[in-house]
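In: Give me a model of this one.
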Amino acid sequence: MWNDILALLKQELIVCFIILILLIIKVGAAEWKIDRILMLANVLLLANFVAGFVSNFEGSLFNEMFTTNRLINLEKNMLNLATLIISLQSYNWLKSHKHIIEFYVLVLSTLLGMFFMISGGNLLIFYLGLELSTIPLAAIANFDLAKRQSSEAAFKFIISSAFSSGLLLFGISLVYGTTGSLDFDVIGHMLTGTSLQLFAFILLLSGFAFKISVVPFHLWTADVYEGSPVAVTSYLSVVSKAAIFFVLVPVLYIVFKPLAGHWYNMLFILSILTMVIGNLFAIRQNNLKRLLAFSSISQVGFILVGISGSSQAGSASVVYFLLIYVFSNLGAFGVVSFISALTGRETIEDYKGLYATNPMLSWVLTIALFSLAGIPPTAGFFGKFFLLMAGAGRGNYALIVIAALNMIIALYYYLGVVKAIFMEANESPIEHLKVPALPKMGMLLCAIGIIVTGFVGWIYDYISALSLGF
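Out: Prediction:
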């Protein structure tokens, strides 16, 4: 029994162990230099990522309330990788902060909650994991204690999270009332499509939609992203959203499969609204954090197109795109975070002529934006291609045409930033910035990942093979 617990809970136990180490260090933190703490934290995160590929097992615990398999292990490792990259890129910001250890403890606490959420085979475990991952996020959104805007972002985030969690909990209670169970396997066999069950599903889907910023549940996103520290914004836009999508796919494909005809129509409408409104609002933005916030909303619309395929290809395309999204979005946010931490400049006008003074930062940001736009030969092109192909599996080509048109609209604001960087002059350009080793490593890792993930074909084949259960 204990051997099974240690083997199947390996990743969760490692995260708990890292948190324990950091708390012990906090006791004697006055004797530690900031650089030493940052180096140790990144080494621990790297060890956590590497350990995620060693001695992985499949199985379940606690009467199948906790399950794990090769696909779930891969998804957790993707979150580990994203957390490591964010930590590397946030070096300059964290170096000037006096609560470094608290930041890592809160981030790892949210990561632990996401792990339990992804492995949950029961709605109760899923909800507990969701709350464990959400509450610390509100704390780190307010991590710049001296900035009023950061406090405002945290307040808006906790209010919207509380509302969405209430919807989820209400939906869970109705599901339990109509099926008599909270277990995923049992619920799928007890659904008959009654009006009360459909209402319960709408509540659950609305709760998920809040968490991933689906239109019209997206209104909190831009303000929270702009007010939070850029490192936290990166975490919210990538790690938090990816974790919810990793749960949403099996919930739709397995638990609510009997209601597939209903939720497909819902996803059809939500995906169109999310793509169109996300792109239209992104066009109007001048602040890069707000632009990337609305950009991330439009990307969610594309992911919903892939999920609507309701097939193995749909599951594989979502996981593959999220892997690309980790590199692409973190590459863009990494550059914005670094420049913001040193200069405080975040608008598109500030980035005019950036290539003349900071060519490396310019190229990393450009590659990331090209990938987000879906321009070949970057990985983002292949990611969106597989999403659209999965969505086309249902034969609804109108949805695919609308998605393709939105890709063209997105080119306008992505290329607008690239134009400012390379082709426009600035009377007071951003001065040359020396990039320390750790942030440079994080940025280059993103740029290399964007290129390699698109050209190494076996990555998608491997993910597709792990998705056979769908």
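In: Please report the distance of the spatially most central residue of the chain from residue 329.
Out: With distances taken as CA atoms, centre = their mean, residue 238 lies nearest the centre of the chain, 2.4 Å away. Taking CB to CB, to the nearest Å as the criterion, residue 238 is separated from residue 329 by 5 Å. Every residue, glycine included, has its C-beta placed from N, CA and C.
In: Over to residue 450?
Out: If you go by CB to CB, the gap between residue 450 and residue 329 works out to 10 Å.
In: quick one, what contacts the residue nearest to the centre of the chain?
Out: 82, 86, 325-326, 329-330, 333 (CB atoms under 8 Å, 6 or more residues apart in numbering).
In: which residues touch residue 268?
Out: Here residue 268 is in contact with 308, 396, 399 (CB under 8 Å, 6+ apart).
In: Distance check, the first one against residue 77.
Out: Between residue 308 and residue 77 the distance, using CB to CB, works out to 26 Å.
In: So for those two, which residue has more residues nearby?
Out: Neighbour count, other CB atoms under 10 Å: between residue 308 and residue 77, residue 308 has more, with 27 against 19.
In: What sits closest to that one if chain neighbours are left out?
Out: Distance criterion CB to CB, 6 or more residues apart in numbering; nearest residue to residue 308, sequence neighbours excluded, is residue 267 at 4.5 Å.
In: Compute the number of surrounding residues for that neighbour.
Out: 24.
In: And for residue 286?
Out: Counted with other CB under 10 Å, residue 286 comes out at 11.
In: If I look at the closest residue to residue 123 other than its chain neighbours, what pLDDT would I see?
Out: Leaving out its chain neighbours, the residue that sits closest to residue 123 by CB to CB, 6+ apart is residue 182, at 4.4 Å. pLDDT for residue 182: 86.
In: And for residue 322?
Out: Per-residue pLDDT puts residue 322 at 91.
In: Quick one: mean pLDDT over the one helix or strand residue 170 maps to.
Out: Element membership of residue 170, judged by DSSP states H and E, is helix 148-179. For helix 148-179, the mean pLDDT works out to 84.
In: Mind listing what's buried along it?
Out: By neighbour count on 16 or more other CB atoms under 10 Å, the buried set for helix 148-179 is 150, 152-158, 160-161, 164-165, 167-172, 174-175, 178-179.
In: Just list what the next helix or strand after that helix packs against, helices and strands only.
Out: Next along the chain after helix 148-179, taking DSSP H and E as the criterion, comes helix 184-190. Under the contact definition 3 or more CB pairs under 8 Å, 6 or more residues apart in numbering; DSSP states H and E, helix 184-190 sits against helix 148-179.
In: tell me what the helix it packs on is packed against?
Out: Secondary-structure packing of helix 148-179 (3+ CB pairs under 8 Å, 6+ apart): helix 123-141, helix 184-190, helix 195-212, helix 221-227.
In: So for residue 262, which of those sits nearest?
Out: helix 195-212 (6.2 Å; CB to CB).
In: Just the mean pLDDT for that closest one, thanks.
Out: 88.
In: got the angle between that helix and helix 148-179?
Out: Helix 195-212 runs at 160 degrees relative to helix 148-179, counting by axes from the mean of the first three to the mean of the last three CA atoms, to 10 degrees.
In: Can you point out the buried residues in helix 195-212?
Out: Those buried within helix 195-212 under the rule 16+ other CB under 10 Å are 197, 200-212.
In: just stretch 177-188 next, same as before
Out: 178-179, 181-184, 187-188.
In: Now flag whichever of the residues you listed is closest to residue 418.
Out: residue 184 (44.2 Å).
In: Not counting residues beside it along the chain, what's closest to the closest one?
Out: Of all residues not flanking residue 184 in the chain, residue 255 sits nearest, at 4.8 Å (CB to CB, 6+ apart).
In: Quick one: work out the angle between the helix or strand hosting residue 279 and helix 195-212.
Out: Taking DSSP H and E as the definition, residue 279 sits inside helix 260-283. For helix 260-283 against helix 195-212, the angle by the same axes, to 10 degrees is 30 degrees.
In: Run the angle between the helix or strand just after helix 260-283 and helix 195-212 for me.
Out: Once the chain leaves helix 260-283, the next helix or strand it forms, by DSSP H and E, is helix 288-307. Going by the same axes, to 10 degrees, helix 288-307 is angled at 140 degrees with respect to helix 195-212.
In: pLDDT (mean, whole number) over helix 288-307?
Out: 87.
In: cool, stretch 337-344 as well?
Out: Stretch 337-344 carries an average pLDDT of 80.
In: Export that stretch to CSV, keeping only CA atoms.
Out: What follows is stretch 337-344 as a C-alpha-only set of coordinates in CSV (Å, rounded to 0.1, in the frame of the first residue of the first chain):
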residue,chain,number,x,y,z
SER,A,337,8.9,40.9,-17.9
PHE,A,338,12.6,41.5,-18.3
ILE,A,339,12.2,45.0,-19.9
SER,A,340,9.4,45.9,-17.5
ALA,A,341,11.5,45.0,-14.4
LEU,A,342,14.5,47.1,-15.5
THR,A,343,12.8,50.1,-17.2
GLY,A,344,9.1,50.0,-16.3
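In: Let me see the residues that make contact with it.
Out: 89-90, 92-93, 96, 230-231, 234, 345-346, 350-351, 361, 430-431, 433, 435, 439, 443.
In: Just the buried residues of those.
Out: Those of these that meet the buried threshold are 89-90, 92-93, 230-231, 234, 345-346, 350-351, 361, 430, 433, 435, 439, 443, by 16+ other CB under 10 Å.
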